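Asks: structure for the following, please:
(2 chains)
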Amino acid sequence: MNHRVTATAVRSILFPAAVSLASIACFPAGSGVSPGVTTLRVALWAGGFELEIEQQVADRYEALRPGTRVLLESAPNGYEERLLTSIAAGHPPDVYLLDSPDIPTFVDRGLAVDLAPYQEALGFQADRVFPQVLEAYRRGRALFALPKDFTPMVIYANRAVLEGAGVDRAVVGQNGAWASGWTWEDYRRAARSVTTDRDGDGRPDVYGFDFPRNLFQWVPFVWSAGGDILAPRGDRATGYLDGPAALSAYAFLTELAEEGLTPGAQFVQQADPAREARFASGGQAFLLSGHWTLPLFHDLVRAGALDLAILPIPHHPSQPGATSVLYASGWAVPPNAANPRQAIDLAGFLASPEAQRIRARSGLAIPTRVDVAAEIAAADPTGVEDAFIALAERARVTWGATVRDFSRVERLALEIMDRRLLRGEPLEISAAEVARRVDEVLAR
Amino acid sequence: MRDAGAARVIPLVAAGAVAVATALILAVAADAPSGAREHRTREEARAAAALYELPGVAEADVVALLDGRARIVAPEAGGRGPGAHAYRAGALEPAAWIAVEPRGEGRRWPWAASLLALLGVLCMAAWAGARRLSPPPPRFPAAPALFCAAVFALVAVAAQQWARAELEAISATRLAGGLRAAGIAGSAGADPEAAARVAGLPWASGAALGEADRIWTMPREAGEAIAAAPRLRTVPRYTVAAGGATYHGGSIALGSGPPVRAEDPADNLHLVFLGYEETASPAVALIAAALGSALLVWLVLFLLPLAARPRALSRTLAAWGFLAPAAALLVVFTFGPLLFSLWISLHDWRLVDPAHPFAGLENYRALLSDGAWWSAVRNTAVFTLHVPLAMAVALSLALLTRESRRAVRWARLALFLPSITSVVAIAVVWKLLLNDDYGLANRALDAFGLGPVAWLSSPDIALVSLMLIGVWMVVGYQMVVFQAGLAAIPRVWYDAATVDGAGRWQRFRHVTLPGLRHTLFFVLVTSVIGSFQVFGLVYVMTEGGPLGATDVAVYHIYREAWEFLRFGNAAAMSWVLFGVVFAATWLHFRFLERRRAHA
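Replies: Below is the predicted model of the structure:
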């Protein structure tokens, strides 16, 4: 009797449990929302405060479109892997953030809807967007993402460190310009003057700058020497990556490193985690970075602990000025989005002036709308935002925005200066060999 | 007993080998040429497209390119080869030349003959093995084998039919899409490339033409001449052979529209040349058929003897019923992905590309000449050398911490902690400790007037640094395993050795080591396999650098797949790595465990 009761009890528990589990398993994840509500999934790489700001943008959209729920799926690390996997698995987000170096990966494979036909319906005013940013997402008349924000690479200067080394304040007095022209020689001179061993232990305590090992960091030096790394059509590196201008840039940067004006290079693509702290604490005079670094310094600047200036990339003496590199991101819609109509509408809102104004609170990048960027700059008493906008005028979009598999090129290009610094190989040889291999990659 | 088991296994293995090898022969022999052709012509279709833009280009050269009988050579080599024609590519880049050179057929590895030879060797080995058995193996079950062969043949024919139908469907879809694109290009008067995107082809995610597909807009007269050229009409867009049959498909789509080049609107013609990207390969079906047949052979041979004993059959089926859930999990989550990766390795597979052309063994062949890959394999092998060092340290520690005093227990706990700590956390901490400038290691050396050492930034030292960290990470786990092994050695053996006058070293050499042989073997094999799979340390600490000094196999595979999106190559690398690990493990079994078993 007891056995029968136990068996019945077990059945009465197990059977409903099995049915429930099977029922749950039959429904896709995320479907547990009330009927009549459309959930739009947005893929992005925001983290921390930036994600909070994006949530505010999403909340605003939900308020404007009752019956719509915006689900932010953020992946600060491994974003591209996650996004590609979701698209390949047939479960893409409705809207995703498209980084400028990833444009060919997605656009050339037909993974972004042409949003040009919807511009008018979305109220997207292309003529109000920074043209160099907009062009990155255009192919002919097609527009494959609505630009979100962008930044040029600039030089952050710690005025206090420079003054301490005897560099006249008037020389570094203005954001966006170095009073005496700002050539490579100026940069070298300033870096030399600040690099000092204060405690006498044989190692400098203050450095000029940290070595720009990655292509995305050093390519503006090549451009600012009047050269380039690829042929105009982006199909050949030989003659460019190993050309005279590029070689002069490599020589300039490696000489500074060999002279001891930089901390030891880490030979990894990830930036030295201590570089911002070293710069802010007076251990480094210059920092090559984008707008994304600025929020780290806001509190210090407000407290008067950091006297910051934003400078252009120094240029070769033979050139009239510098050309920096520009990185942007935009909102794209995959062709197989679950809710294409709503997804395009959401992408339009995420790129709208209202969303850009909310987003500007994070201070990570420059809004792509000229008017919104001007508003932000006008409200900034330090002049830093103005300097960024001025420097963006002379910047061009990364090659990665047009050349497919550019990550391979970036990976190979690391070797050029590494081989000089680690093995003492002549730059001409390593650059020519790397250029040949890049040609092979581009030819595929 | 052992021989009787082998007697049952060997015919099964032989039958399975026959089925798999036959299918592979069919798949590789039938598809490899078309796969190679696709690879060639994809580039050349693009080149031919560019060539059409040039004035004065001989049509024969374009056709030869499309047909795979010619190739584009480097501009500096233009026109040097026999029969080569050079064209000044003014429309593309003023200073460049494009030259078309006849292509030699080249030599191709005789895959079919090689596989037949391999099959023969397998059968002979099975036969020779069977002859040595005592009692001799049962007679080959001819009837079931014939039944299985018939099933296999049916499945193979079905696969061939499927492949053909698939190709025809693809061809029709592509032709329709091409016509639509051409029509839109004509009606909209727009840029043909943009029109093609708007038109969309269903197989290309609805947004773009394939890489090899091109639209040209040209004067009607020229377009019609090209379309009517007999050679061009017979250019096979898809040439896929399956089971001896060959299918030719593909077409040229024509459309007309307003002027783009010609002055008179009526004089324009839009041509869409459909490229060679998408090919449905029957290899999948054939491999599936082969594996299915092998499984069927095994099932029939397994169940037939039981048919005469219903009780045994019932118990066997019940046992398999209980095993089924676990077996299903194993099949779905272990064997399934394994087979899928094998399939990927035979294709030019990029994660989000709509087309995954069959590549045969091309990905494997490419590995042979990939210096970076073999450098990564070498680095992995060097990294594995930390295993003996770690085992020696772990065994020493196990001997030192056998007592159960409180301090010893704490020491054991401390030593074991790295084994249960996240690899990423460990790597981040060690990266900071070994930093050239502010790392604690160099600061400590500095205090003794030594250093600094470029722990992670010197190509000569970085891998050694990782090996030392690897030792630190695994030594605690190995120590615990050794302690378990030591506890299993009977105390009386030591007492007897002591009574016989053995000293400490002799007791270790003649009692402890032999008593630990199985434990040593287990730790060695699992540690070697684990070290071949090292990834986290490299990913976080060195990214394979500096200058590739720490680029190990798994990290290399990861980059190939996720950074460069070449999943076909990555899958091939994974299988090669699997082969290396398998061979290493087998060698361990062959030379260590058996030797010890006989000792």
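Asks: now do the helix or strand residue A:386 falls within: distance to the chain's middle.
Replies: Secondary structure here is read from DSSP states H and E; on that basis residue A:386 sits in helix A:384-393. On the basis of Cα atoms, centre = their mean, to the nearest Å, helix A:384-393 sits 16 Å off its chain's mean C-alpha point.
Asks: same deal with stretch A:140-149?
Replies: Taking Cα atoms, centre = their mean, the mean C-alpha location of stretch A:140-149 is offset from the chain mean by 17 Å.
Asks: buried stuff in it?
Replies: By neighbour count with 16 or more other Cβ atoms under 10 Å in any protein chain shown, stretch A:140-149 contains the buried residues A:142, A:143, A:144, A:145, A:146, A:147, A:148, A:149. (C-beta placed from N, C-alpha, C; glycine too.)
Asks: and stretch A:337-345, by the same measure?
Replies: Under the neighbour-count criterion of 16+ other Cβ under 10 Å, stretch A:337-345 has A:337, A:338, A:339, A:342, A:343, A:344, A:345 buried.
Asks: dump the buried residues of stretch A:140-149 into JSON lines; add distance to residue B:559 as well.
Replies: Below are those laid out as JSON lines (distance: Cβ to Cβ, whole Å):
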{"residue": "A:142", "distance to residue B:559": "31"}
{"residue": "A:143", "distance to residue B:559": "32"}
{"residue": "A:144", "distance to residue B:559": "26"}
{"residue": "A:145", "distance to residue B:559": "26"}
{"residue": "A:146", "distance to residue B:559": "31"}
{"residue": "A:147", "distance to residue B:559": "30"}
{"residue": "A:148", "distance to residue B:559": "28"}
{"residue": "A:149", "distance to residue B:559": "29"}
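Asks: the residues you listed in strands, which ones?
Replies: Per DSSP state E, strands hold the following members of the buried residues of stretch A:140-149: A:142, A:143, A:146, A:147, A:148, A:149.
Asks: what's the farthest-apart pair in those?
Replies: Maximum pairwise distance among these (Cβ to Cβ): 21.4 Å, between A:142 and A:149.
Asks: contacts for stretch B:422-434?
Replies: Surrounding stretch B:422-434, the residues in contact under the criterion Cβ atoms under 8 Å, 6 or more residues apart in numbering or on different chains are B:418, B:438-442, B:455-456, B:465, B:469, B:473, B:536-537, B:539-541.
Asks: show me the domain layout of chain A.
Replies: For chain A, the domain assignment from automatic domain parsing gives the residue ranges A:38-151+A:327-399, A:154-325+A:401-443.
Asks: span of the longest one from start to end?
Replies: Domain A:154-325+A:401-443 has an end-to-end distance of 32 Å (Cα to Cα, to the nearest Å).
Asks: do the first one as well
Replies: Counting by Cα to Cα, you get 38 Å between the two ends of domain A:38-151+A:327-399.
Asks: same question for it, mean pLDDT?
Replies: Regarding domain A:38-151+A:327-399, the rounded mean pLDDT is 89.
Asks: so is that domain next to chain B?
Replies: Yes - using Cβ under 8 Å from any Cβ of the partner chain, we find that domain A:38-151+A:327-399 touches chain B at A:80-81, A:84-85, A:87-88, A:105-106, A:108-114, A:139-142, A:335-336.
Asks: for the stretch 351-500 of chain B, which residues score under the pLDDT cut-off?
Replies: Scanning the stretch 351-500 of chain B with the threshold set as pLDDT under 70 gives B:352-358.
Asks: one more pass at 90, please.
Replies: B:351-363, B:365-366, B:368-371, B:400-415, B:419-421, B:432, B:435-439, B:442-459, B:500 (pLDDT under 90).
Asks: and the residue of it closest to chain A?
Replies: The shortest separation between the stretch 351-500 of chain B and chain A is 4.0 Å, found at residue B:436 (distances taken as Cβ to the nearest Cβ).
Asks: assign that residue to helix, strand or coil.
Replies: coil (DSSP: H, G, I helix; E, B strand; the rest coil).
Asks: which one among the contacts of stretch B:422-434 gets closest to residue A:166?
Replies: After measuring the contacts of stretch B:422-434 against residue A:166 - Cβ to Cβ - the closest member comes out as residue B:438, at 26.6 Å.
Asks: wait, residue B:391 sits on residue B:481?
Replies: No - under the criterion of Cβ atoms under 8 Å, residue B:391 is not in contact with residue B:481, lying 9.9 Å apart.
Asks: overlap in contacts of the two?
Replies: Between them, residue B:391 and residue B:481 share these contacting residues under Cβ under 8 Å, 6+ apart: residue B:523.
Asks: counting by contacts, list what the top strand by length along chain A packs against.
Replies: Among the segments of chain A that qualify as a strand by DSSP E, the longest is strand A:324-332. The elements that strand A:324-332 packs onto, with contact taken as 3 or more Cβ pairs under 8 Å, 6 or more residues apart in numbering or on different chains; DSSP states H and E, are strand A:95-99, helix A:131-136, strand A:146-152, helix A:215-223, helix A:340-350, helix A:384-393, strand A:395-397.
Asks: if you set the cut-off to 6 Å instead, what comes out?
Replies: Helices and strands touching strand A:324-332, as assessed by 3 or more Cβ pairs under 6 Å, 6 or more residues apart in numbering or on different chains; DSSP states H and E, comprise strand A:95-99, strand A:146-152, helix A:215-223, strand A:395-397.
Asks: relative to residue A:202, which of those is closest?
Replies: Checking these against residue A:202 by Cβ to Cβ gives helix A:215-223 as the closest, at 28.3 Å.
Asks: chain center to that closest one: distance?
Replies: Relative to the chain's own centre, helix A:215-223 is displaced by 14 Å; criterion: Cα atoms, centre = their mean.
Asks: got the CA positions of it in CSV?
Replies: C-alpha atoms of helix A:215-223 as CSV (Å, rounded to 0.1, in the frame of the first residue of the first chain):
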residue,chain,number,x,y,z
LEU,A,215,48.0,50.3,-36.4
PHE,A,216,44.9,52.2,-35.3
GLN,A,217,47.2,54.4,-33.2
TRP,A,218,50.2,54.9,-35.5
VAL,A,219,48.4,55.2,-38.9
PRO,A,220,47.8,59.0,-38.4
PHE,A,221,51.6,59.4,-38.1
VAL,A,222,52.0,57.9,-41.6
TRP,A,223,49.2,60.1,-42.9
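Asks: got the angle for it vs strand A:146-152?
Replies: 70 degrees (axes from the mean of the first three to the mean of the last three Cα atoms, to 10 degrees).
Asks: so which bits of helix A:215-223 are buried?
Replies: By neighbour count, and taking 16+ other Cβ under 10 Å as the criterion, the buried residues in helix A:215-223 are A:215, A:216, A:217, A:218, A:219, A:220, A:221, A:222, A:223.
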